[in-house]
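In: Got a sequence here, can you build the structure:
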Amino acid sequence: ETVIIDISSVDNGEPLGGAQQKTVTIVDDDASQVTLTVGSTLIQEDTGATTTTVTATLDVVSDSDIVVFLTKSGTAIEGTDYTLAGSITVPAGFFFATTILSAKFDLIDEDGLPAIANETIIIDIASVLNGEESGTQTRTVAINDDDATPSVTLTVGAINIGEATGTTTVTATLGAISGLPVTVTLTKTGTAIENTDYTATSTIIIPAGAFSAFVTLSSIDDVRDESNETVIIDITELINGVEATQQQKTVTIDDNDASPIVTLSVGVPSIPETGGTTTVTATLNTLSNLLVTVTLTKTGTAIEGQTDDYTLSSTILIPAGAMFASVTISSASDSLDEDHETVIIDISAVENGIEATSTLQQKTITIIDDDAPPTVTLLAGILNIAEAGGTTTIRATLSGPSGQDVIVFLQKSSASTAIDTVDYNLNGTTIIIATGATSNFVTLSSINDNLSETNETVVIEISGVTNGTESGTEIQTVTILDDEPLPTVTL
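Out: This next block holds a predicted model:
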């Protein structure tokens, strides 16, 4: 403050040199101290108490207007989240003045999960005109966000993609814009294997203020035949968002590889009847990720069965990832003499593969018989027969059953006295013993006449055997007993 002093009049003198005005300034040493207070430290964003007061209070009344300049910081954004004047003026003669802090309405979630705080406004005094800040006057007001956490839905661009260079997008979309970044964590299951059949990031981050974000799922090409594979995508965790019901999406990777070609081979083409084995192998021209099932048919002269000629599975299973698989054919020993027998193996069907057509996929295995042929003996049923109506059998008997027909050829020995078709009839000169049988016969029948004669003989012997051998020398003699009286003689 100033005191201006002038000479208004002089008694018995006069002012020297004109006007004699002097000014004295009284320097004030009583500065007002300013403190800040807020009405409430928590206000609502949209409804309820959405405002609070910010008050500047003096410790002593001032004769001058005191202007308190404010700074504002914190997580809330001025003009977006709230409004507040930049200064408070305390008029001269007043102890305090107040301004209003008001929250601004929006629909954006900003506090996220409970672990994330509400937005804050930090109010400080920047400077004071005609006064002083009392210490450090910092006040904090929080704006309570009342907007719901946004819901998250998943979508995929294309639900089917090719195995070679196929791509699609996996998009996370919010139900409403958020003031916070929303992190979506994905899990991927299904028949496809990550980093073998496809690649895809496991996290989608939707920036604050954005409605959606996406990651790309890309297929990985291979050369193996396989079923179409699936990638099943689920949400397992959300930060600053909630899943809108169950968001499961499936992407199918369509296989583009041809089915493998199957060829057939055998270990050795011939095996012994006793203890003989060999392999029957189905081989692919390329690896497959599928189980390849090769179905066989078996024909030939050999009979399948443990008690017959051989055993062999009708199916070859080539596991996924293998180039080939084998089954074993095993011979079944018996005691029957028989021809060498064959097993003819063909492919009748292939599942998850194709039979090679460039070459015939028919393979033949021969089972070498190791049984000696049976020996043959002859036996006449009755050695003596009557001339009138006499019959007997000539039976050929094997030492054991045979696996093939045995043919015994008969002939009349030159030692015979009876005459064929005059003294007897033989209804066959060949005896056929069928497969599995041990004997058969022919019938010898006498022919009656009126001649008195000596008893006559028919001597039968073996002239040859097919599929057998004669047991030494086999001869049977049948005697035809004459039944005529001796003639009377007269002179």
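
In: residue contacts, the most centrally placed residue in the chain?
Out: The centroid of the chain falls nearest to Thr191 when counting by Cα atoms, centre = their mean (3.7 Å). Neighbour list for Thr191: Ser227, Glu229, Thr230 [criterion: Cβ atoms under 8 Å, 6 or more residues apart in numbering]. For every residue, glycine as well, the C-beta is placed using N, CA and C.

In: again, only using 10 Å
Out: Thr191 makes contact with Asp197, Glu226, Ser227, Asn228, Glu229, Thr230, Val231, Ile232, Thr252, Ile253, Asn289, according to Cβ atoms under 10 Å, 6 or more residues apart in numbering.

In: got it, and Asp309?
Out: Neighbour list for Asp309: 273, 300-303, 331-334, 336, 338, 341-343, 367, 369, 403 [criterion: Cβ under 10 Å, 6+ apart].

In: Please report how far the residue nearest to the centre of the chain lies from Tyr198.
Out: Distance, Thr191 to Tyr198, using Cβ to Cβ, to the nearest Å: 11 Å.

In: if I look at these two, which residues touch both of them?
Out: The contact lists of Thr191 and Tyr198 share Glu229, Val231, Ile253, where a contact means Cβ under 10 Å, 6+ apart.

In: Out of those, which sit inside strands?
Out: If you go by DSSP state E, these have Glu229, Val231, Ile253 in strands.

In: In JSON lines, list these along with pLDDT.
Out: Shown next, in JSON lines, are those (pLDDT from 0 to 100):
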{"residue": "Glu229", "pLDDT": "95"}
{"residue": "Val231", "pLDDT": "97"}
{"residue": "Ile253", "pLDDT": "96"}
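
In: tell me which of those is nearest to Asn12?
Out: Of all these, Asn12 sits closest to Val231, with 117.2 Å by Cβ to Cβ.

In: pretty sure the closest one contacts Asn160?
Out: No: contact criterion Cβ atoms under 10 Å: Val231 and Asn160 do not qualify, at 11.1 Å.

In: shared neighbours of those two, anything?
Out: Contact criterion Cβ under 10 Å, 6+ apart; residues shared by Val231 and Asn160: Thr168, Thr250, Val251, Thr252, Ile253.

In: who's the third one bridged to?
Out: Legend: beta-bridge partners of Val251 under DSSP bridges are Val231.

In: So which residues of the stretch 1-150 of the chain form strands?
Out: All strands of the stretch 1-150 of the chain, identified by DSSP state E, counting those that start in this stretch, fall at 2-5, 22-25, 32-38, 42-44, 51-58, 66-73, 82-83, 87-90, 96-103, 119-129, 131-133, 139-144.

In: actually the stretch 251-400 of the chain, not the one I typed
Out: Using DSSP E, counting those that start in this stretch, strands in the stretch 251-400 of the chain cover 261-266, 270-272, 277-284, 292-299, 310-311, 315-318, 324-331, 341-351, 354-355, 362-368, 375-380, 384-386, 391-398.

In: Mind putting the ones you listed into TSV with distance to Ser218?
Out: As requested, the strands of the stretch 251-400 of the chain are exported to TSV (distance: least, Cβ to Cβ, whole Å):
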stretch	distance to Ser218
strand 261-266	30
strand 270-272	53
strand 277-284	28
strand 292-299	28
strand 310-311	50
strand 315-318	30
strand 324-331	33
strand 341-351	31
strand 354-355	30
strand 362-368	45
strand 375-380	80
strand 384-386	100
strand 391-398	77
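
In: any chance of those in JSON lines, plus mean pLDDT?
Out: What follows is the strands of the stretch 251-400 of the chain, written out as JSON lines (pLDDT from 0 to 100):
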{"stretch": "strand 261-266", "mean pLDDT": "96"}
{"stretch": "strand 270-272", "mean pLDDT": "94"}
{"stretch": "strand 277-284", "mean pLDDT": "97"}
{"stretch": "strand 292-299", "mean pLDDT": "97"}
{"stretch": "strand 310-311", "mean pLDDT": "94"}
{"stretch": "strand 315-318", "mean pLDDT": "98"}
{"stretch": "strand 324-331", "mean pLDDT": "97"}
{"stretch": "strand 341-351", "mean pLDDT": "95"}
{"stretch": "strand 354-355", "mean pLDDT": "94"}
{"stretch": "strand 362-368", "mean pLDDT": "95"}
{"stretch": "strand 375-380", "mean pLDDT": "97"}
{"stretch": "strand 384-386", "mean pLDDT": "96"}
{"stretch": "strand 391-398", "mean pLDDT": "97"}
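
In: could you dump those strands to JSON lines with mean neighbour count?
Out: Below are those laid out as JSON lines (neighbours: other Cβ atoms under 10 Å):
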{"stretch": "strand 261-266", "mean neighbour count": "18"}
{"stretch": "strand 270-272", "mean neighbour count": "16"}
{"stretch": "strand 277-284", "mean neighbour count": "19"}
{"stretch": "strand 292-299", "mean neighbour count": "18"}
{"stretch": "strand 310-311", "mean neighbour count": "20"}
{"stretch": "strand 315-318", "mean neighbour count": "19"}
{"stretch": "strand 324-331", "mean neighbour count": "17"}
{"stretch": "strand 341-351", "mean neighbour count": "17"}
{"stretch": "strand 354-355", "mean neighbour count": "16"}
{"stretch": "strand 362-368", "mean neighbour count": "18"}
{"stretch": "strand 375-380", "mean neighbour count": "18"}
{"stretch": "strand 384-386", "mean neighbour count": "16"}
{"stretch": "strand 391-398", "mean neighbour count": "20"}
